[in-house]
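In: Here is a sequence together with a model predicted from it:
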Amino acid sequence: MPHTTRVLRSEWTKIRSVRSTLWTLATALTVTVGLSALICAFTASQFDKLTKQEQLTFDAVQTSFSGSGLGQLAMIAFGVMVVAGEYSTGMIRSSLAAVPQRTVFLLSKVFVAGTLVLVVGMATSFLAFFIGQALLGERSVSIEDEGVLRAVLGGGVYMTLIALFAMGLSFVLRSPLLAFAILMPFFFLISNILGTVEATKKYAQYLPDQAGKTVTAVVPESLNRPYGPYEGLAIMVAWTLAALIAGWIVLKQRDA
């Protein structure tokens with residue numbers, strides 16, 4: 001236990017000593033809250049111009065998280081930098097020399113980074129919700145309404161899982177450039193394109209981001225998914241665990 005405590009402290013020191021990682025988390029919060037607020041304000045002013053179907057399926061909670069699509073990219077960047085950054089600088093050799101138990105090393109890094117992301121993710125989620133609802137005016141909902149608190153908490157959990165997913169793949173790829181080149185285009189463009197093309201839509205809805213975002217939905221019809229928020233969360237957790245297990249296997253089998 002004393003050894004594990006030292007490893008946890010070491011991982012925390014690594015994260016807080018690199019300013020870019022902390023600035024990335026600040027960017028995730030700012031972008032998500034700021035863009036969500038802008039979209040909520042615009043939606044409130046144009047609500048009467050929406051079609052009848054759009055008004056009936058309008059999800060005020062989901063709308064207050066509209067900026068999460070860009071905010072999640074910052075969380076992905078954080079996950080990549082925390083892991084792949086050590087490979088690019090060569091620090092990984094020193095880390096594994098100090099902590100030869102690679103499972104302990106990976107779990108400690110995941111625990112420290114995951115806890116930090118969870119705190120920032122929850123702060124982001126609650127801020128986006130309350131600011132967004134204030135701007136939606138008469139279209140807003142209360143945190144006490146059915147399913148709303150679950151959705152807001154789900155927003156923070158989603159941001160945490162997307163960062164952990166990026167960490168797992170970064171252990172596999174071991175290169176910041178390669179990780180960014182794969183993850184950023186996929187989550188920013190490819191996943192959304194696959195989700196709108198009729199031929200691939202039914203498969204794309206099981207991708208990590210497409211499934212994970214259902215946890216912030218209160219009106220199921222607004223997402224048009226064959227599963228609910230809890231099933232979507234389970235799919236996202238499965239993707240994240242798969243990425244972390246793959247990263248653990250690569251870390252165990254390959255030299256730094």
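Out: Thanks, I have the structure now. Residues are numbered from 1 along each chain as shown.
In: could I get stretch 237-244 in CSV with only the CA atoms?
Out: Output in CSV follows, covering the C-alpha atoms of stretch 237-244 (Å, rounded to 0.1, in the frame of the first residue of the first chain):
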residue,chain,number,x,y,z
VAL,A,237,-18.3,1.6,-20.6
ALA,A,238,-17.7,-1.5,-22.7
TRP,A,239,-15.8,0.5,-25.2
THR,A,240,-13.7,2.2,-22.5
LEU,A,241,-12.9,-1.1,-20.8
ALA,A,242,-11.9,-2.6,-24.1
ALA,A,243,-9.5,0.2,-24.8
LEU,A,244,-8.0,0.1,-21.4
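In: Could you list the buried residues of that stretch?
Out: 237, 239-240, 243-244 (16 or more other Cβ atoms under 10 Å). The way it works is simple: take the backbone N, C-alpha and C, and place the C-beta from them, glycine included.
In: need the contact list for Lys252.
Out: Residues near Lys252 by Cβ atoms under 8 Å, 6 or more residues apart in numbering: 102-103.
In: Mind listing what's buried along the helix ranked longest in the chain?
Out: Longest helix in the chain, counting residues (DSSP state H): helix 102-136. By neighbour count with 16+ other Cβ under 10 Å, helix 102-136 contains the buried residues 102, 105-110, 112-114, 116-118, 120-122, 124-129, 131-133, 135-136.
In: Disregarding residues adjacent in the polypeptide, which is nearest to Ala98?
Out: Ser10 (7.3 Å; Cβ to Cβ, 6 or more residues apart in numbering).
In: same question, Ala134
Out: Once flanking residues are discounted, Ala134 sits nearest to Ser140: 7.2 Å by Cβ to Cβ, 6+ apart.
In: ok, now how distant is the one you found from Val99?
Out: The gap separating Ser140 from Val99 is 49 Å, by Cβ to Cβ, to the nearest Å.
In: Ok, Met81 next?
Out: In terms of Cβ to Cβ, Met81 sits 19 Å off from Val99.
In: Neighbour count for those two, which is higher?
Out: Met81 (23 against 20; other Cβ atoms under 10 Å).
In: How are the strands of this protein distributed by residue range?
Out: Using DSSP state E, the chain contains no strands.
In: ranges for the helices of it?
Out: For the chain, the helices defined by DSSP H cover 2-17, 19-46, 52-56, 60-63, 68-89, 91-98, 102-136, 148-173, 176-185, 191-196, 198-204, 208-212, 229-253.
In: Could you say which one of those helices comes nearest to Pro220?
Out: helix 229-253 (8.1 Å; Cβ to Cβ).
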